[in-house]
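# can't give you the sequence, but here's the structure:
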């Protein structure tokens with residue numbers, strides 16, 4: 001029996017791989033080489049010929065198919081190769097294996113199976129690696145698209161007159177940052193001097209009198225503000241109110257719009273979600289944000305608000321821990337405030353150890369604005385950072401999750417100092433997530449929000465939530481509409497990996513909890529009324545969010561000034577939401 005390799009395949013194989021590989025193939029197949037066109041072994045009466053041809057031949061690639069043929073190759077096929085050396089190679093491919101007539105006859109009934117076996121061997125031994133051509137699917141990226149990686153590492157604070165002589169070492173000290181934080185307009189005047197127009201200080205002073213939050217700004221944040229244009233600067237907008245930009249509150253606004261106190265079984269502990277509770281161990285922060293949801297309790301009393309007291313208290317903490325331990329469904333505890341940054345190292349560890357000792361608690365989150373406004377503390381307050389690390393490591397050994405949640409709102413807040421702090425936490429295995437508040441004049445554009453999200457990812461902080469601004473008293477100028485949130489989310493999604501893309505949420509007024517901004521039951525963009533449900537939190541109830549009046553038409557603003565029209569708009573939205581229920 002003589003298996004013969006087809007002439008077409010011989011031509012192609014000689015061209016593609018050369019004589020050496022051809023000879024190796026013939027040897028591996030157990031063939032006897034053809035010399036001078038004559039078979040080395042005598043031909044037999046029973047002959048089965050396998051012809052293998054190339055479907056496609058190119059430099060570096062070959063795709064083969066095999067089939068049985070009843071006709072052996074003829075000597076005329078040798079003429080297709082003109083080069084003498086290649087002709088000899090081709091003849092080497094034309095091989096036969098001698099066998100006795102009896103053996104050939106015994107195998108003839110299995111010719112198809114044998115042919116497939118030989119074909120398989122040829123495929124395995126002669127298929128060459130495919131090297132695909134590299135195709136440029138996108139044009140080279142513009143350098144501006146990578147600008148989010150460019151972090152400030154200069155001594156930017158020297159541009160502020162009061163900090164001009166401060167060394168880098170001093171500015172990076174968290175104790176110096178805390179001591180020199182701005183808490184009065186008089187201190188602001190001393191630090192800025194003639195850097196801004198004197199009328200600006202008067203504007204801030206009047207703004208603070210009308211604000212629900214007292215003043216406290218770290219030197220780090222103050223130095224990052226563009227004092228050539230303070231009215232438009234996104235950091236100034238967040239921390240320094242100016243009376244000239246304030247707007248009247250929405251008529252449906254409430255001081256405790258989320259009804260946290262209503263859902264508190266004991267002071268400083270809110271139990272709203274089935275398996276999660278919010279613990280507020282203290283009422284102080286390293287800075288005071290104008291837009292704080294807990295302006296009813298955080299910071300000092302102002303001319304507008306007399307605060308609920310949530311000072312550090314062992315007795316109050318004890319009652320909170322007893323309640324958490326008594327509720328087996330509670331698995332997730334958020335430690336906020338106030339701000340976990342303001343806890344002493346021993347207090348932070350005390351809270352962590354107490355919660356980790358409870359079998360029902362599986363997850364805890366220490367919430368702090370600190371990394372965004374005073375990253376120096378993570379680098380220079382070794383006791384605090386070590387205490388957090390020990391709690392995280394203890395939780396890991398108990399197979400429980402302990403993470404840090406922070407609060408960046410604009411990309412300019414993230415500097416080289418921030419990266420150093422986040423790198424340290426990353427080295428210690430501490431996961432950091434971020435929650436942003438959507439604010440007018442701060443991050444209410446696709447460009448600003450995308451840069452923030454990308455820069456957070458660059459420093460290993462996971463974007464978690466973007467909140468549509470809560471209905472907070474005294475900051476109507478900061479609020480945006482649900483429509484704005486939906487528009488921005490559409491543009492942010494797809495710019496980076498899904499796990500690094502934040503969810504845009506409405507924290508439903510009245511205690512409905514966080515709802516995906518897209519999940520409204522009804523939304524009237526003309527009146528600005530959106531209706532949400534929270535079936536797993538408070539089933540059967542409806543929760544309404546109201547867009548800021550300044551983003552509505554003049555006609556709709558006039559309707560909101562009429563109490564009869566207000567009732568009609570609210571009831572109409574509720575009716576249509578009920579009609580759309582599944």
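Noted; the coordinates are in hand. What you see is a predicted model; the values in this text were computed from it and never measured.
# residue 166 touches residue 156, doesn't it?
No - with contacts counted by Cβ atoms under 8 Å, residue 166 stays clear of residue 156, the gap being 11.2 Å. Any C-beta I mention is one placed from the backbone N, CA and C, and that applies to glycine too.
# those two: who's more crowded?
Ranked by neighbour count (other Cβ atoms under 10 Å), residue 166 and residue 156 place residue 166 first, with 19 against 14.
# point out where the stretch 51-200 of the chain drops to low pLDDT.
Judged by pLDDT under 70, the stretch 51-200 of the chain has its weakly predicted residues at 51-131.
# how about the nearest residue to residue 386, chain neighbours excluded?
In space, and not counting its chain neighbours, residue 386 is closest to residue 345: 7.1 Å by Cβ to Cβ, 6 or more residues apart in numbering.
# how many neighbours does the one you found have?
By the criterion of other Cβ under 10 Å, residue 345 has 16 neighbours.
# that one reaches residue 389, doesn't it?
No - with contact defined as Cβ under 8 Å, residue 345 does not reach residue 389; the gap is 10.5 Å.
# what residue lies at the spatial centre of this protein?
Central residue check for the chain by Cα atoms, centre = their mean: the C-alpha nearest the mean position is that of residue 500, 0.9 Å away.
# residue contacts, that residue?
453, 456-457, 462-463 (Cβ atoms under 8 Å, 6 or more residues apart in numbering).
# please report how far it lies from residue 464.
Separation of residue 500 from residue 464 (Cβ to Cβ, to the nearest Å): 10 Å.
# helix or strand for residue 287, which one?
Using DSSP states H and E, residue 287 sits within no helix or strand.
# now do the strands in the stretch 201-350 of the chain.
269-271, 276-279, 332-335 (DSSP state E, counting those that start in this stretch).
# could I get these as CSV with mean neighbour count?
As requested, those are arranged in CSV below (neighbours: other Cβ atoms under 10 Å):
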stretch, mean neighbour count
strand 269-271, 21
strand 276-279, 22
strand 332-335, 21
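# reformat the ones you listed as JSON lines; add distance to residue 200 and mean pLDDT.
Converted to JSON lines, those look like this (distance: least, Cβ to Cβ, whole Å; pLDDT from 0 to 100):
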{"stretch": "strand 269-271", "distance to residue 200": "38", "mean pLDDT": "93"}
{"stretch": "strand 276-279", "distance to residue 200": "37", "mean pLDDT": "95"}
{"stretch": "strand 332-335", "distance to residue 200": "37", "mean pLDDT": "98"}
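# go through these and name the closest to residue 226.
Taking Cβ to Cβ, strand 332-335 is the member of the strands of the stretch 201-350 of the chain nearest to residue 226, at 33.7 Å.
# give me the helices and strands touching the closest one, please.
Packing contacts for strand 332-335, counted by 3 or more Cβ pairs under 8 Å, 6 or more residues apart in numbering; DSSP states H and E, involve strand 276-279, helix 345-356, strand 363-367.
# and the angle from the longest one to strand 363-367?
Following axes from the mean of the first three to the mean of the last three Cα atoms, to 10 degrees, one obtains 150 degrees for the angle between helix 345-356 and strand 363-367.
# what are the buried residues along helix 345-356?
If you call a residue buried by 16 or more other Cβ atoms under 10 Å, then helix 345-356 has these buried ones: 345, 347-352, 354-356.
# stretch 498-507 too?
Going by neighbour count (16+ other Cβ under 10 Å), the buried part of stretch 498-507 is 501-502, 504-507.
# so how far is that stretch from its chain's centroid?
8 Å (Cα atoms, centre = their mean, to the nearest Å).
# so what touches stretch 232-244?
Contacts of stretch 232-244 (Cβ under 8 Å, 6+ apart): 188, 200, 203-204, 206-211, 215, 217, 221, 224-227, 230-231, 287-291, 409-410, 412-413, 439, 441-443, 448, 474-475, 478.
# tell me which of the residues you listed fall in helices.
Taking DSSP state H as the definition of helices, those contribute 188, 200, 203-204, 206-209, 221, 224, 448.
# contact partners for the closest residue to residue 534 other than its chain neighbours?
Leaving aside its sequence neighbours, residue 534 sits nearest to residue 512 (Cβ to Cβ, 6+ apart; 4.1 Å). By Cβ under 8 Å, 6+ apart, the contact set of residue 512 is 532-534, 537-538, 541, 543.
# now residue 512. Its backbone dihedrals?
Here is the backbone geometry of residue 512 (degrees, to the nearest 10): phi -80, psi -10.
# same check on residue 514?
Backbone torsions for residue 514, taken as degrees, to the nearest 10, come to phi -80, psi 120.
# the nearest residue in space to it that is not next to it in sequence bridge partners, please.
Spatial nearest neighbour of residue 514, excluding adjacent residues (Cβ to Cβ, 6+ apart): residue 505 at 4.4 Å. On the basis of DSSP bridges, residue 505 is bridged to residue 467, residue 516.
# mind listing what residue 505 touches?
Counted by Cβ under 8 Å, 6+ apart, residue 505 has contacts 465-468, 514-517.
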